[in-house]
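Peer 1: need a structure here:
(one chain, ligands or ions: 2)
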Amino acid sequence: MAKPYVFITMQIPKEIVALLEDVAHVGMWEADTPCPRDKLLEEAAKADALFTMVVDRIDQEVLKRGQNLKIVANMAVGYDNIDVETAKHLGIMVSNTPDVLTEATADLTFALLMATARRVVEASQAVYEGRWQSWSPMFMAGQDVYGKTLGIVGMGRIGEAVARRARGFDMDILYHNRKPKTEAEEKLGATYCSFEDLLQKADFIVALTPLTDQTRHLFGRREFELMKKTAIFINVSRGPVVDEEALYHALKEKQIWAAGLDVFHQEPVPTDHPLLTLPNVVPLPHIGSASISARMAMARLAAENIVLALTGKKPKTLISEDMWTQYRFK
Ligand SMILES: NC(=O)C1=CN([C@@H]2O[C@H](COP(=O)(O)OP(=O)(O)OC[C@H]3O[C@@H](n4cnc5c(N)ncnc54)[C@H](O)[C@@H]3O)[C@@H](O)[C@H]2O)C=CC1
Ligand SMILES: O=C(O)C(=O)CO
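Peer 2: Ligands and ions are numbered 1, 2, ... in the order given. Presented below is the predicted three-dimensional model:
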């Protein structure tokens, strides 16, 4: 029987490609920039499996081209870039990479929180630019982290891992989720709150929900107005969870104190974006999970899911059980 064909939409380490070559012919877009749309469409038409990134738009057009497509394995835990409903309808499996990036992403979330509160990037820039003229009482003074109140919106795997870190900083932990998680409350000493209460009480508001129809623009004008003047907003989820215009307005008008942003509506964020003109914004280039070991584990897990699918077995981390029950080539 002919070997199946796998297409990888961006350059990944050779040892991961080798895992796939054991069972398939492998094609790869050998660059660190997104695979062009026409190439993606052309490859989807040939592929038994697609190894995809968060930057790839896997919509109806791509999925319908894939007559032989068995699985779309996203190298990410989030899968808002994939039209899951169409995949399900066509019987194509979709997998993601949960857990293996949880701790790395929680580390980065905390790093961003600390950097924003204590103005780490702004202060470092001052050193480079010769603006450090002397120690002085209020020079680069920021907000405390220790003992403050953290509000986590989206208490999932990463939210819980952030809460574990916050315990070491003796923070009060509030959270809002679709439903309360009593086991997390016991384990982490976290308190469930309505969204409004959390916005009003927290010193740090951390967005860690997936991007869905319900979370798009979850944070808008009204939400920023409810926050404290000293509040710090951190977004490590997805850009569209926030209305960026409303956030800009809130920061500019000093309705809130600062924001740390790993994700944006448009990525890469244009360098002339209004948010980048504000000194109280710490922007990062979507590096939440970017530790070497987490990224290797994500790539390996995505590859393992493809190998399992191509050898007739159930992939380890399908985004939902019905991906398997509705799989068209089972
Ligand atoms: N910046 C980065 O590099 C990374 C970003 N992410 C983002 O973080 C998200 C979360 O990842 P995990 O914690 O692994 O996912 P998860 O599924 O374990 O947690 C998400 C939580 O959000 C909650 N949630 C969903 N809709 C909600 C709503 N409308 N209101 C309140 N809570 C809601 C869910 O109940 C769940 O508890 C991913 O979907 C992805 O978008 C994840 C990894 C890296
Ligand atoms: O995993 C995700 O969802 C990311 O955004 C990249 O790690």
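Peer 1: Please count neighbours and contacts with C-alpha atoms only from this point.
Peer 2: Will do.
Peer 1: What are the buried residues along stretch 15-22?
Peer 2: Burial within stretch 15-22, assessed by neighbour count using 16 or more other Cα atoms under 10 Å, is assigned to 16, 17, 20, 21.
Peer 1: Count the residues that sit near the residue nearest to the second one when sequence neighbours are not counted.
Peer 2: Spatially, and ignoring its direct neighbours in sequence, residue 17 is nearest to residue 26 (7.5 Å; Cα to Cα, 6 or more residues apart in numbering). Around residue 26 sit 18 other residues, with neighbours defined as other Cα atoms under 10 Å.
Peer 1: what do you get for residue 273?
Peer 2: 12.
Peer 1: How much space separates it from residue 220?
Peer 2: Separation of residue 273 from residue 220 (Cα to Cα, to the nearest Å) stands at 18 Å.
Peer 1: Now render the buried residues of stretch 15-22 as a markdown table, adding distance to ligand 2 and pLDDT.
Peer 2: Listed next are the buried residues of stretch 15-22 as a markdown table, based on distance: Cα to the nearest ligand atom, whole Å; pLDDT from 0 to 100:
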| residue | distance to ligand 2 | pLDDT |
| --- | --- | --- |
| 16 | 17 | 98 |
| 17 | 19 | 98 |
| 20 | 21 | 98 |
| 21 | 24 | 98 |
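Peer 1: Select from those every entry located in helices.
Peer 2: Members of those lying in helices (criterion: DSSP state H): 16, 17, 20, 21.
Peer 1: which residue packs closest to the first one, ignoring adjacent ones?
Peer 2: Right, the one you point to is residue 16. residue 300 is the one closest to residue 16 (Cα to Cα, 6+ apart), at 6.0 Å.
Peer 1: circling back to that earlier point, need the contact list for the residue nearest to residue 17.
Peer 2: 5, 6, 7, 8, 17, 20 (Cα atoms under 8 Å, 6 or more residues apart in numbering).
Peer 1: Look up the residues forming beta bridges with it.
Peer 2: Residue 26 has the following beta-bridge partners by DSSP bridges: residue 6.
Peer 1: any idea how far it lies from ligand 1?
Peer 2: Note on residue 26: its distance to ligand 1, by Cα to the nearest ligand atom, to the nearest Å, is 26 Å.
Peer 1: Give me the pLDDT value at that residue.
Peer 2: The per-residue pLDDT reported for residue 26 equals 98.
Peer 1: Then the one 4 residues further on?
Peer 2: pLDDT recorded at residue 30 is 97.
Peer 1: Could you do residue 252 as well?
Peer 2: 98.
Peer 1: Provide a list of residues in contact with it.
Peer 2: residue 278.
Peer 1: again with residue 109
Peer 2: Taking Cα under 8 Å, 6+ apart, one finds 162, 234, 236, 288 in contact with residue 109.
Peer 1: so which of these is the most crowded?
Peer 2: residue 236 leads those on contacts (other Cα under 10 Å) with 27 neighbours.
Peer 1: I'd say it and residue 264 touch.
Peer 2: No. Between residue 236 and residue 264 there is no contact under Cα atoms under 8 Å: 9.4 Å.
Peer 1: Check which helix or strand residue 32 maps to.
Peer 2: Using DSSP states H and E, residue 32 maps to neither a helix nor a strand.
Peer 1: Thought residue 10 was touching it, still the case?
Peer 2: Yes. Proximity of residue 32 to residue 10 meets the contact threshold set by Cα under 8 Å, at 6.0 Å.
Peer 1: what residues are up against the residue nearest to the spatial centre of the chain?
Peer 2: The centroid of the chain falls nearest to residue 237 when counting by Cα atoms, centre = their mean (4.4 Å). Residue 237 sits next to 207, 208, 209, 210, 211, 262, 263 when contact means Cα under 8 Å, 6+ apart.
Peer 1: Since that was my last question, I'll sign off now.
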